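Engineer: fold the following and give me the result.
(chains A and B)
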2 protein chains.
Amino acid sequence: MASLPQTERILLGPGPSLASPRVMRALAAPVVSHLDPQMVALLDDVRERLVRLFRAPEGSFALAVSGTGTSGMETAVANLVQPGTRAHVVVTGYFGERLAQMLDRYGATVTRTDVEWGRACDPAAVRAALKTQPADVVAMVHAETSTGVLNPVEALAAVAREQGAVTIVDAVTSFGGHPLEVGPWGLGAVYSCSQKCLSAPSGLAPVVFTPEARARAVKSRSFYFDLALLEDYWVRRKYHHTMSSTLVYALHEALAAVDEEGLQARWARHERHHRILLAGLEAMGLSVLPPAGERLWTLNAVTVPAGVDEAAVRKLLLTEFQMEIGSGLGPLAGRIWRVGLMGASSAPHLILLFLGALERALRAQGVKVPPGAGTAAAVAAMAN
Amino acid sequence: MASLPQTERILLGPGPSLASPRVMRALAAPVVSHLDPQMVALLDDVRERLVRLFRAPEGSFALAVSGTGTSGMETAVANLVQPGTRAHVVVTGYFGERLAQMLDRYGATVTRTDVEWGRACDPAAVRAALKTQPADVVAMVHAETSTGVLNPVEALAAVAREQGAVTIVDAVTSFGGHPLEVGPWGLGAVYSCSQKCLSAPSGLAPVVFTPEARARAVKSRSFYFDLALLEDYWVRRKYHHTMSSTLVYALHEALAAVDEEGLQARWARHERHHRILLAGLEAMGLSVLPPAGERLWTLNAVTVPAGVDEAAVRKLLLTEFQMEIGSGLGPLAGRIWRVGLMGASSAPHLILLFLGALERALRAQGVKVPPGAGTAAAVAAMAN
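Structural biologist: I've put the predicted structure just below:
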């Protein structure tokens, strides 16, 4: 018979990230029902915090969908797309591809701007595409978790707006870690998850619809993800589904922690730790896949050196150090490791731990790593 | 600012029910990722337990969908219905109505057998309807949470089979509380939730597809609820969504508790406590809506006496006793209270507590309840 985890993992993969002790404690609060006055007060607070942390304009509706980040994606799609909707998708990796598939399933006529995996999208390419193939909706991934690439969402959204399209933006790996300005950037529907930069357990998907997106909402084919029914519950206290109070406690606590740290400080922390990690990796002779300027701070796509068995490295990290990092997806399988520094997992001691463990794992593979060089460079970078 | 619950609720509504201490403790286990070997072992165990507890035949695929009971409903519908599918729905209350709506959204041609709210469906009515309007799918609710009615699923499914249709069965308020025999009754797709008779927090929906239902599966319009993709994850360890380890810990612990108690003993416990509650209610001059033989053990639809302000009673129970019961939905709003005795909330001390608190609330409304009669009758019934 399987049992609960006997060991604590050091979560440095593409997610989930580590949940902080205060978030774990929140899980222990007693269960209440989905319409309990205590629950309703928490939901109001979550909604208000999400609008603010998304930097969404007045009149936006933010909520947490009862599912994972992928349920947030489907909520955005289900409420903005119907058969006949023209949708253009920026595909820079696995999650752009998933967006395209989902838009197609909901009946949209899908056109694409395909970009080499590992590179960000040039807004000019999207402008050119939209001029020949107009779209009602432009969908894009802000932080492409499969490649470690940051797309220029502000510029891409400006192009979409200039062509009259509303945007769907995947902020699963950026919300709470990278600057994301839903209002100033003129975005439409934006979704994320609870388990990456927010550091709550998985199971809820923060989503925001701006007034523009709300005005363009269609009749949803999905009942579970129907925006109007979700708003009935969140705003008008009408039963739609039995939302998990347990997960709401954790998300609420996690959002309070974001507010206490401050968004700007949180972004700066994620950037700083990315730079420290990068200094260490470079000193060890390693590099990341995306070029400078297109790199995520939250998810680092580290190129696997020639001749190294990437799976064996991950296995050693897991068994010897209880440390999880991710593998590559699709065309990047075997070519990269995905190292997440998100939320509570974006911490200086974890970078040192990772660099030391990686040195051990690479040596076990016969790679001649300069001894202690990763740690030394990271420590030096911490002083800057 | 809202804070976590300061008080513990006595949950005797339509759900969530109380989570037992062992389930609450499981929530505290450290987060692991969706493909961690420790997680995968738990998922295998959950899958195996669900097939067994659903009494599903060999070759069935059981899983827990990452969402609430309504997500289980949408998973069943999304994978068995496409435009053109002929679906017949037994509508005996709010959740039958919801099934009809969802089938319609997924493109089915929907026919219905409508039954007065508060009564069970006569299989002969469904047989007659199917003879004039054949169906590919027959959908029904086993335990209608809105009316407290138990539908004769075994007989209804036999009718559906005899007409060549596969069944979708809502077992949200019956699984773990009432006999449910997926294999022997020849059911197709059956779904439930984590937060009622299983007594885990809300957020997961146990679902089973029998070999017959799997053979009839269509291409799902939904990505999140796509059975083939969910099977990729649960069986073939391919990423589909980041399942919440936290909720899996709780569900796993809850299922282990069901196994330890034994299904038959658990069913008997739910029946026994229903009878004790009923004895108490009758001694207080109260009755339940459905006639004998059509009553749920898990959810009791108590008729509000003439002249009583049903909302004031619920409010007094909540503020004075921290006790939650449910109100009526739709045509039953104001006419019934819904008193759930499910999972950990199906316990003798909670019945005494409820009857005493109800006596206090009814007296506050000027109802002349025979003093202590409810408690006396319940205590007497406990001795039988």
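Engineer: from now on I want contacts and neighbour counts done on CA atoms only, so please keep to that.
Structural biologist: Noted.
Engineer: count of residues packed around A:Val218?
Structural biologist: Counted with other CA atoms under 10 Å in any protein chain shown, the neighbours of A:Val218 add up to 18.
Engineer: likewise A:Thr147?
Structural biologist: The burial count assigned to A:Thr147 is 31, neighbours taken as other CA under 10 Å.
Engineer: surely it and A:Val115 touch.
Structural biologist: No - in this structure A:Thr147 lies outside contact range of A:Val115 using CA atoms under 8 Å: 11.4 Å.
Engineer: so what's in contact with these two at the same time?
Structural biologist: Residues touching both A:Thr147 and A:Val115 (CA atoms under 8 Å, 6 or more residues apart in numbering or on different chains): A:Gly93.
Engineer: next, the contact list for the nearest residue to A:Arg25 once chain neighbours are set aside, please.
Structural biologist: Nearest in space to A:Arg25, with sequence neighbours left out and distances taken as CA to CA, 6 or more residues apart in numbering or on different chains, is B:Ala28 at 7.6 Å. B:Ala28 makes contact with A:Met24, A:Arg25, A:Leu27, A:Ala28, B:Thr246, according to CA under 8 Å, 6+ apart.
Engineer: mind checking pLDDT for the first one?
Structural biologist: Right, the one you point to is A:Met24. Looking at A:Met24, its pLDDT is 97.
Engineer: and it, how far from A:Glu271?
Structural biologist: Going from A:Met24 to A:Glu271 by CA to CA, to the nearest Å gives 26 Å.
Engineer: for the third one, same thing?
Structural biologist: Between A:Leu27 and A:Glu271 the distance, using CA to CA, works out to 29 Å.
Engineer: when the two are compared, which one has more neighbours?
Structural biologist: More crowded of A:Leu27 and A:Glu271, by other CA under 10 Å: A:Leu27, with 25 against 19.
Engineer: so that one sits against A:His252, correct?
Structural biologist: No - using CA under 8 Å as the test, A:Leu27 is too far from A:His252 to be in contact (10.5 Å).
Engineer: sorry, back to before: A strand includes the residue nearest to A:Arg25, no?
Structural biologist: No - membership of B:Ala28 in a strand is not supported by DSSP: H, G, I helix; E, B strand; the rest coil, which gives coil.
Engineer: dihedrals phi and psi, it?
Structural biologist: In this entry, B:Ala28 is assigned phi and psi values of phi -80, psi -10 (degrees, to the nearest 10).
Engineer: if we can go back for a sec, closest one of the contacts of B:Ala28 to B:Val288?
Structural biologist: Checking the contacts of B:Ala28 against B:Val288 with CA to CA, the nearest one is A:Ala28 at 35.2 Å.
Engineer: remind me which residues of the stretch 1-150 of chain A are low pLDDT?
Structural biologist: Applying pLDDT under 70 to the stretch 1-150 of chain A flags residues A:1.
Engineer: helix, strand or coil: sort out A:Val302 for me.
Structural biologist: Strictly by three-state DSSP, A:Val302 counts as strand.
Engineer: which residue comes closest to A:Gly176 once chain neighbours are left out?
Structural biologist: A:Cys197 (5.2 Å).
Engineer: so the one you found sits right up against A:Met342, yeah?
Structural biologist: Yes - shown here, A:Cys197 and A:Met342 form a contact pair, counting by CA under 8 Å, at 4.6 Å.
Engineer: hmm, back to that, and the residue nearest to A:Arg25, how close does it get to A:Phe225?
Structural biologist: 29 Å.
Engineer: could you do A:Glu162 as well?
Structural biologist: 29 Å.
Engineer: who's more crowded, those two?
Structural biologist: Set A:Glu162 next to A:Phe225 and count neighbours by other CA under 10 Å: A:Phe225 wins out with 23 against 12.
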